[in-house]
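Trainee: Mind looking at a prediction? Sequence and model below.
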Amino acid sequence: MFRDRVFWVTLAVSFAVRLALSGMIGPGFDEAYYHLFARNLAWGYFDHPPAVALIAGLGTWLTGLWTPLTLRLGAVLAFTLTLPGVYLLAGRVYNRNAARFAVLLLHAAPYFLVGAGAFVIPDNALLLAWVWALVVAERLRNTVDTGTLSPKVSPAGVPRRARTSGSTDVGKPGGEAAERPRLQADTGTLETGTSGDVGEGVPHSSHLTPQTYVQRTLLFALLGVFTGLALLAKYHAVLLPASLVIASIYDKQLRRWWLDWRLYLALVIAVLVFAPTIWWNANNHWISFAEQLGKGTSGELRLRFDLIGQAIGGQIGYLTPWLAVVLFWGAFRRRRSQGTLSEKVSPVEPGVPRRTRTSGSTDLRKSSGEAAGTNVEQAVSGPRLQADTGTSNAVPHTSHLTPHTSPSDRWLVAFFLTPVIGITLIGLTRGILPHWTMPGYAAAFVLAAGGFAWTTRVQRNIAIAIGVNLLLVLLVVIQAATGFIPLEPRSDPTLDPAGWRAALDELEQSGELTENDLIFAHKWFTAGELAWADQGAHTIVLLNPVDSHMFAWWAPETQYERWSGVFITQARYDIDPEKHFAPRFSAVEPLPLDSVRHRNRWVRMKAWRLTDLQHPQAPAYGPFAAP
């Protein structure tokens with residue numbers, strides 16, 4: 001990976017494009033709300049675990065500024081750190097071409113390119129931890145403790161019977177035969193013996209990398225850390241260990257983990273990492289868990305086939321229809337049998353691309369002293385990359401020689417289908433959001449990258465898909481700035497951040513809003529937009545005790561009895577403050593605020609002065625809830 005110029009150029013371009021996009025449009029209502037998480041750090045929130053607060057606050061803590069760019073910097077960085085994990089996972093399971101394919105394919109999905117890649121959502125941290133947990137799981141699945149192989153296998157993991165009579169032992173000139181694998185001419189795999197040589201269910205020894213007991217213990221610990229971090233990002237991460245359980249049902253290597261105490265060490269570590277959020281919930285009547293379990297329900301359990309249709313359609317929209325077909329088809333497509341996805345295999349050196357051979361290369365079938373004297377570690381550890389082309393002039397890594405008909409990638413299917421099917425089926429009883437299933441598609445991108453050849457046609461189609469995504473984003477940016485598409489105000493999401501700062505400026509200039517006033521809102525997401533526009537100059541109080549979200553902790557109206565302030569909203573929200581709030585205040589008076597200019601478009605705003613909060617209502621939950 002470190003010498004793959006194609007990958008690093010892709011990573012740099014991706015980072016630059018997403019960083020530029022992140023600063024072109026104001027924050028959505030949920031992003032504006034999440035920025036308050038960063039201003040009020042805690043181990044848990046009504047809506048989510050705490051990781052999204054770190055994502056939203058990172059850019060500001062580094063720069064000292066609150067701008068759309070700094071708000072989303074953490075999201076851009078999180079996705080950038082996710083891409084090497086995707087590359088490593090696909091590269092280890094298949095080969096380098098598949099690794100490049102998976103990374104580029106990820107950018108062909110609008111949700112991953114822009115949603116998880118540039119905007120602040122809990123899935124930023126969840127996707128990062130989820131992918132790296134899979135990378136660690138793959139390493140554990142394909143490694144073995146030193147000394148656990150059968151006596152027929154050498155300490156280096158190479159069967160003794162693979163030695164040739166004319167070979168030279170490594171490190172012993174002219175001595176014993178070297179313990180090096182011999183490539184089979186038909187498949188390009190290492191001739192190492194059958195599974196019976198090393199015990200039932202154990203893969204070819206050439207597929208296993210021996211590691212010390214301490215190294216594998218640390219890998220199990222790291223798996224626990226990433227699982228715990230995923231839970232700190234989003235409660236849906238419970239599907240990560242659930243996927244492991246399901247995968248172990250049909251995968252022998254994973255099933256062996258159940259007899260290894262280090263798996264339970266990983267579980268304990270995951271719980272310890274997640275423990276602060278458990279503690280926060282325990283001290284807040286388990287409110288966050290209850291909110292997530294009941295989200296989208298009306299309290300009545302009944303089948304809703306219309307909802308599951310919306311759930312499936314939403315996922316297709318987030319991925320685009322053609323990519324959804326590619327992912328599902330590629331995940332179950334028959335694996336190709338050659339060592340790489342795109343290069344022709346040499347008839348002289350099975351599994352080695354023609355262009356990687358040089359005049360000085362060693363024929364793997366030779367048993368001469370030069371061939372046998374080749375360092376075993378070099379032959380098994382991996383290829384050496386050429387500086388000009390990025391190709392190999394040495395014996396390729398065994399992962400490049402594994403035939404794709406091997407079931408070594410099937411364990412990933414559980415990490416794809418468990419979250420996707422599981423959450424989608426929940427849509428039979430309640431409303432779900434399409435992005436809830438998206439982390440499961442990370443494994444699907446890897447599987448699809450191994451299922452299709454990296455041909456010129458595929459490369460062209462991916463380039464077109466990425467171009468279309470960027471064009472759609474550009475249209476959104478233009479719509480936000482000009483409103484050239486005549487949408488109904490209530491249906492135009494680009495209006496979410498519009499008008500709030502201009503309305504505050506106009507009210508402050510007219511003297512209607514003073515520094516001692518409160519700012520009132522009637523919905524948690526408009527309160528978030530006001531808080532983003534106000535930048536901490538005033539206290540935002542949400543006059544909605546039933547659905548106050550974290551404002552029940554930050555600024556419940558019961559703490560501001562006898563206070564006055566200004567209620568502000570966009571005209572697209574149908575609310576009459578004189579009717580709704582008059583019983584609580586001594587006076588409710590409209591203010592002269594109408595249309596304000598936001599960039600190149602006009603936005604209708606409304607404002608009222610609410611005087612003397614005499615009858616505040618306690619929130620339905622939180623530390624200030626009524627007993």
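Mentor: Arrived safely.
Trainee: ok, which stretches of the stretch 101-250 of the chain are strands?
Mentor: For the stretch 101-250 of the chain, applying DSSP state E, counting those that start in this stretch gives strands covering 143-145, 182-183, 190-191, 209-211.
Trainee: Need the residues that contact stretch 64-75.
Mentor: Residues external to stretch 64-75 that are found in contact with it (C-beta atoms under 8 Å, 6 or more residues apart in numbering): 19, 22-27, 31, 35, 54-60, 62-63, 116-121, 124, 532, 535. For the C-beta atoms, the positions are set from N, CA and C on the backbone; glycine is no exception.
Trainee: Point out where this structure drops to low pLDDT.
Mentor: 147-207, 295-303, 334-407, 490, 599 (pLDDT under 70).
Trainee: and the longest strand for it?
Mentor: strand 601-613 (DSSP state E).
Trainee: Could you list the domains of this protein?
Mentor: The record's domain parsing of the chain by automatic domain parsing lists 5-143+214-289+449-472, 152-207+353-395, 498-613.
Trainee: will you turn those domains into CSV that also has mean neighbour count?
Mentor: Converted to CSV, the domains of the chain look like this (neighbours: other C-beta atoms under 10 Å):
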stretch, mean neighbour count
domain 5-143+214-289+449-472, 20
domain 152-207+353-395, 16
domain 498-613, 18
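Trainee: With L433 as the reference, name the closest of these.
Mentor: Nearest to L433 among these is domain 5-143+214-289+449-472 (10.2 Å), distances taken as C-beta to C-beta.
Trainee: So for this structure, the centremost residue is which one?
Mentor: Nearest to the mean C-alpha position of the chain, by C-alpha atoms, centre = their mean, lies L127 at 1.7 Å.
Trainee: circling back: kindly export the longest strand of the chain (C-alpha atoms) in PDB.
Mentor: Extracted C-alpha coordinates of strand 601-613, given in PDB (Å, rounded to 0.1, in the frame of the first residue of the first chain):
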ATOM      1  CA  ARG A 601     -31.900  34.400  -2.700                       C
ATOM      2  CA  TRP A 602     -34.600  35.800  -0.500                       C
ATOM      3  CA  VAL A 603     -35.800  33.700   2.500                       C
ATOM      4  CA  ARG A 604     -39.000  34.600   4.400                       C
ATOM      5  CA  MET A 605     -38.500  34.800   8.200                       C
ATOM      6  CA  LYS A 606     -40.800  35.600  11.100                       C
ATOM      7  CA  ALA A 607     -40.100  36.800  14.700                       C
ATOM      8  CA  TRP A 608     -42.100  37.600  17.800                       C
ATOM      9  CA  ARG A 609     -41.100  39.100  21.200                       C
ATOM     10  CA  LEU A 610     -42.100  36.800  24.100                       C
ATOM     11  CA  THR A 611     -42.200  38.700  27.300                       C
ATOM     12  CA  ASP A 612     -41.900  37.400  30.900                       C
ATOM     13  CA  LEU A 613     -42.000  33.500  30.900                       C
END
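Trainee: Tell me which strands that strand pairs with, and in which orientation.
Mentor: With DSSP bridges as the test, strand 601-613 is paired with strand 565-570 (antiparallel), strand 585-590 (antiparallel), strand 595-598 (antiparallel).
Trainee: Rebuild those strands as TSV, extending it with distance to V103.
Mentor: What follows is the strands paired with strand 601-613, written out as TSV (distance: least, C-beta to C-beta, whole Å):
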stretch	distance to V103
strand 565-570	40
strand 585-590	55
strand 595-598	37
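Trainee: Of those, which is nearest R410?
Mentor: Set against R410 and scored by C-beta to C-beta, the strands paired with strand 601-613 come closest in strand 565-570, at 51.2 Å.
Trainee: which element follows the closest one toward the C-terminus?
Mentor: helix 577-580 (DSSP states H and E).
Trainee: Off-centre distance for that following helix?
Mentor: Taking C-alpha atoms, centre = their mean, to the nearest Å, the mean C-alpha location of helix 577-580 is offset from the chain mean by 43 Å.
Trainee: Counting neighbours, what do you get for the closest residue to R584 other than its chain neighbours?
Mentor: In this structure, R584 finds its nearest non-sequential neighbour in H615, 4.8 Å apart by C-beta to C-beta, 6 or more residues apart in numbering. Using other C-beta atoms under 10 Å, the number of residues around H615 comes to 10.
Trainee: Against Y250, how distant is H615?
Mentor: To Y250, H615 is 62 Å away according to C-beta to C-beta, to the nearest Å.
Trainee: now do A275
Mentor: Counting by C-beta to C-beta - A275 and Y250 are separated by 32 Å.
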